[in-house]
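Here's my sequence, what's the structure:
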Amino acid sequence: MAASTSSLLAASSTSRAAISPRLPRAAPAAASVPSPSRSSCPPLRASAGRRLQSRLVASAAPTMQPPATSRVSAVVDVDLGDRSYPIYIGPGLLDEPDLLQRHVHGKRVLVVTNTTVAPLYLEKVTWALTHNNPNVSVESVILPDGEKYKDMDTLMKVFDKAIESRLDRRCTFVALGGGVIGDMCGFAAAAFLRGVNFIQIPTTLMAQVDSSVGGKTGINHPLGKNLIGAFYQPQCVLVDTDTLNTLPDRELASGIAEVVKYGLIRDAPFFEWQEKNMSALLAREPSALAYAIKRSCENKAEVVAQDEKESGLRATLNLGHTFGHAIETGTGYGAWLHGEAVAAGTVMAADMSHRLGWIDESIKKRTIDILQQAKLPIAPPEAMTVEKFKNIMAVDKKVADGLLRLILLKGPLGSCVFTGDYDRKALDETLHAFCNS
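Below you'll find the predicted structure:
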């Protein structure tokens, strides 16, 4: 019972019409662009919490002016019927108030961000929300930064601020940060008053190409990653590519792991483009980054439109994640970045696929080569043992009736399956090949 993606490339020309950018596209200057193919944390003390939370209104915003013309380079639509929403992509989009304001419902906004991002972009986002819009007031809650804070204690800080501020059902939550902030803000929006509107402003490559799109929200549990959460879609996703200028190199590489994933599972021409342009991505060439973000969002939007709640096809977006989540949980949340763990997990998935005879040696080698080129790990840390992998993977979200289902590569480049029908010997051999014991 495998959900294959190999047939999607042939059908992509039809489905792509709903998600193609509505504005003219510029090709990356770096190279020719292919035609689109297919751990718990103690609660903050009250005094510290109060210092981290602030109330911002229009009068506090700096003097700024929006640009004369929009700098949106692409708009990718996530087609979910009456819950469809746009992904705006381009440089300097935080300087365009209308992009945000058109998606704000009501007069109250709560911006959820963290101690790293707030000094960089909170003031600008507050200005964008309130420029020529004096009836809107903006609250903010600034959370500690890091995967280890993606837990219930930290989530309660968002609810505390929303309730203390007497926000109502017409308020809008805004996630300003990376994947942790987006997941937590979205989950808070899904649960507060049984659901309020929210907007995603991802500031890391990981969030821009993956976690901000598709409505997966949630928090971690000490026994497993993302085990508590909800599917809850945003009103829009605003990707200001200029925010990547402040992103550390390690975080940039982490995001590239998810970009590589799309090529491996469903978009062979995109993978081939990455092989030729990885140095441009690592050098942060704007045109290369913009294309990688757009193509990644197009791939994810297409999958989410067909399988919003991960009944089959959407699960294929988790290539390497079962092994990767085990690494994150087993080493302690935050020790490895998500993309680093996924990279090692992707190599393990490719190794297992090859042992099963489902892919040839060249695909396995290309997988390893491109991740090494991106300066990502290709093996788990020494602390991960076979027993630790198995114990953590046993509670993975993709387990059904006690059967561990995996996303594995099968067939030519750009094809994969989501299946529980595989030889368990191959899994054992892969785990023993990558672990000390």
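
so which strand or helix has A335?
In the assignment (DSSP states H and E), A335 maps to no helix and no strand.

Please apply the same query to K365.
helix 361-373.

Would you mark the buried spots in that helix?
Within helix 361-373, the residues that qualify as buried are 363-364, 366-368, 370-371, 373, counting by 16 or more other C-beta atoms under 10 Å. C-beta: built from backbone N, CA, C; applies to glycine.

If we only consider the residues you listed, which is nearest to A230?
Top of the list for closeness to A230, among the buried residues of helix 361-373 and by C-beta to C-beta, is L371 at 31.4 Å.

Measure how buried the residue nearest to that closest one when sequence neighbours are not counted is and give me the count.
Beyond its immediate neighbours in the sequence, the residue positioned closest to L371 (C-beta to C-beta, 6 or more residues apart in numbering) is A343, lying 4.9 Å away. Using other C-beta atoms under 10 Å, A343 has 33 neighbouring residues.

From what I see, A343 and I370 are in contact.
No. Shown here, A343 and I370 do not form a contact pair, counting by C-beta atoms under 8 Å, at 9.7 Å.

Overlap in contacts, the two.
Residues touching both A343 and I370 comprise V260, with contact defined as C-beta atoms under 8 Å, 6 or more residues apart in numbering.

buried ones in stretch 412-423?
Taking 16+ other C-beta under 10 Å as the neighbour-count basis, stretch 412-423 is seen to contain the buried residues 413-419, 422.

Contacts for the helix holding K365, please.
Looking at helix 361-373 with C-beta under 8 Å, 6+ apart, the contacting residues turn out to be 257, 260, 264, 271, 274-275, 278-279, 343, 346-347, 350-351, 353-354, 377-378, 409, 413.

Let me have the buried residues of stretch 412-423 in TSV, adding distance to F434 and secondary structure as columns.
Formatted as TSV, the entries for these read as follows, by distance: C-beta to C-beta, whole Å; DSSP: H, G, I helix; E, B strand; the rest coil:
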residue	distance to F434	secondary structure
L413	23	coil
G414	25	coil
S415	23	coil
C416	20	strand
V417	21	strand
F418	22	strand
T419	21	strand
Y422	17	coil
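
now those as TSV including pLDDT?
Below are the buried residues of stretch 412-423 laid out as TSV (pLDDT from 0 to 100):
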residue	pLDDT
L413	98
G414	97
S415	97
C416	97
V417	96
F418	95
T419	94
Y422	95
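
Show me where the stretch 1-150 of the chain has its strands.
Read by DSSP state E, counting those that start in this stretch, the stretch 1-150 of the chain holds these strands, from start to end of the chain: 53-56, 74-78, 85-90, 108-114, 137-143.

quick check: mean pLDDT across the shortest one?
Translated: strand 53-56. Taken as a whole, strand 53-56 carries a mean pLDDT of 40.

Give me the below-cutoff pLDDT ranges for the stretch 1-150 of the chain.
Across the stretch 1-150 of the chain, residues meeting the criterion (pLDDT under 70) sit at 1-63.

mind running it again at 90?
Across the stretch 1-150 of the chain, the stretches falling below the confidence threshold (pLDDT under 90) are 1-70, 105, 134.

Please enumerate the helices of it.
Assigned by DSSP state H, counting those that start in this stretch, the stretch 1-150 of the chain shows helices spanning 8-15, 46-52, 97-101, 123-130.

re the thing from before, from the buried residues of stretch 412-423, which is closest to M393?
Taking C-beta to C-beta as the measure, M393 sits nearest to Y422 out of the buried residues of stretch 412-423, at 13.5 Å.

Name the nearest residue to that closest one, sequence neighbours excluded.
L356 (6.1 Å).

Then F323?
Computed as C-beta to C-beta, 6+ apart, the closest residue to F323 that is not its neighbour in sequence is G345, at 3.3 Å.

quick one on the thing from earlier: show residues contacting the helix or strand following the helix holding K365.
Sequence-wise, the next helix or strand downstream of helix 361-373 (DSSP H and E) is helix 386-393. With contact meaning C-beta under 8 Å, 6+ apart, helix 386-393 is reached by 223-224, 322-323, 325-326, 329-330, 380, 399, 404, 428, 431-432, 435, 437.

State the mean pLDDT of stretch 229-243.
97.

what's the answer for stretch 372-381, then?
When the per-residue pLDDT values of stretch 372-381 are averaged, the result is 98.

what do you get for stretch 428-437?
Average pLDDT, stretch 428-437: 90.

Can you mark which positions in that stretch are buried?
Of all the residues in stretch 428-437, those buried under the rule 16+ other C-beta under 10 Å are 430-431, 434-435.

Distance from the helix holding K365 to the middle of the chain?
Centroid separation for helix 361-373 versus its chain: 23 Å, with C-alpha atoms, centre = their mean, to the nearest Å.

do stretch 392-400 as well
Stretch 392-400 has its C-alpha centroid displaced from the chain centroid by 20 Å (C-alpha atoms, centre = their mean).

Can you check the distance spanned by that stretch, start to finish?
From the first residue to the last, stretch 392-400 extends over 15 Å; the measure is C-alpha to C-alpha, to the nearest Å.

So for it, mean pLDDT?
Stretch 392-400 comes out with an average pLDDT of 88.

for V141, what are its contacts?
Contacts of V141 were listed using C-beta under 8 Å, 6+ apart, and they are 52-53, 110-113, 157-158, 160-161.

Now it. Nearest residue, chain neighbours left out?
K161 is the one closest to V141 (C-beta to C-beta, 6+ apart), at 4.1 Å.

surely M278 meets A374?
Yes. Checked against C-beta under 8 Å, the pair M278 and A374 is within contact range at 6.0 Å.

which residues do those two both contact?
Residues within reach of M278 and of A374 at once, by C-beta under 8 Å, 6+ apart, are I256.

quick one on the thing from earlier: now the helix or strand hosting the residue nearest to F323: mean pLDDT?
Under the criterion of DSSP H and E, G345 resides in helix 338-355. Averaging the model's pLDDT scores along helix 338-355 yields 98.

I'd like to know which elements it is packed against.
For helix 338-355, the elements it packs on are helix 249-266, helix 321-331, helix 361-373, strand 406-409, helix 424-434, judged by 3 or more C-beta pairs under 8 Å, 6 or more residues apart in numbering; DSSP states H and E.

again, only this time at 10 Å
The elements that helix 338-355 packs onto, with contact taken as 3 or more C-beta pairs under 10 Å, 6 or more residues apart in numbering; DSSP states H and E, are helix 179-191, helix 205-206, helix 249-266, helix 321-331, helix 361-373, strand 406-409, strand 416-419, helix 424-434.
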